[in-house]
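>>> heads up, no residue letters with this:
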């Protein structure tokens, strides 16, 4: 297994109650086929992480929703170097420009997209191929298609267990597609 890292510190205000949001891009130069991706994200001056939607876009243009707006206690804390893990980009090329988009989808709280770091894990090669076994997991309902770590995460919904299952299958070498 190999990995590539890139960091950015955009220090950009996140527009309040805005569906466009703000974005920051980084470039990785290591030629690899992606197995999974870690993103470390900080917007620690935004008092409500539940207001934010965070989306990672790969060099090939596919997206992974790392965090969605949720209806929880509005005084639930902030994102201070939160770690997100996604297997959504499995099999893609890890080399190129990765973009992180942050949207504040509720009014009354503001904050700053301070920094982020991406670590792309994979194997030597260019990626983008379509070899290997595949498993398609299809579900309906809420949740996100990425693992998150932090506080106030419910272990009871599909948004928690389905990505965990997908990650476990990916570690066993099974290509996993999550389709909503």
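Perfect, thanks for sending it. Keep in mind it's a predicted model, so treat the numbers as computed, not measured. Numbers count the residues shown, from 1 in each chain.
>>> the strands in the chain, which residues?
Secondary structure of the chain (DSSP state E): strands at 2-8, 12-14, 22-28, 32-43, 52-57, 63-67, 79-86, 96-104, 111-113, 115-124, 134-138, 147-148, 175-179.
>>> can I get those strands in TSV with mean neighbour count and mean pLDDT?
Backbone N, C-alpha and C define where each C-beta goes, glycine included. As requested, the strands of the chain are exported to TSV (neighbours: other CB atoms under 10 Å; pLDDT from 0 to 100):
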stretch	mean neighbour count	mean pLDDT
strand 2-8	16	96
strand 12-14	17	88
strand 22-28	16	97
strand 32-43	22	94
strand 52-57	22	92
strand 63-67	21	93
strand 79-86	20	86
strand 96-104	20	96
strand 111-113	22	85
strand 115-124	19	96
strand 134-138	12	40
strand 147-148	20	38
strand 175-179	16	53
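>>> these two touch, right, residue 109 and residue 15?
No: look at residue 109 against residue 15 with CB atoms under 8 Å: they stay out of range, at 11.9 Å.
>>> Looking at the two, which one has more neighbours?
When neighbours are counted by other CB atoms under 10 Å, residue 109 and residue 15 differ, and residue 109 comes out ahead with 20 against 14.
>>> ok, the more buried one - contacts?
Shown in contact with residue 109 (CB atoms under 8 Å, 6 or more residues apart in numbering): 16, 46-48, 51, 74.
>>> Ok, residue 113 next?
10-14, 22, 24, 43, 102.
>>> Apply 10 Å and report the result again.
8-14, 21-24, 41-43, 46, 52, 54, 79, 100-102, 104 (CB atoms under 10 Å, 6 or more residues apart in numbering).
>>> what's the answer for residue 96, then?
Applying CB under 10 Å, 6+ apart, the residues near residue 96 are 25, 27-29, 58-61, 120, 127.
>>> can we see that at 6 Å?
For residue 96, the contact set (CB atoms under 6 Å, 6 or more residues apart in numbering) comprises residue 59.
>>> Any idea what it is bridged to?
When bridges are called by DSSP bridges, residue 96 pairs up with residue 28.
>>> how close does it get to residue 79?
Distance, residue 96 to residue 79, by CB to CB, to the nearest Å: 25 Å.
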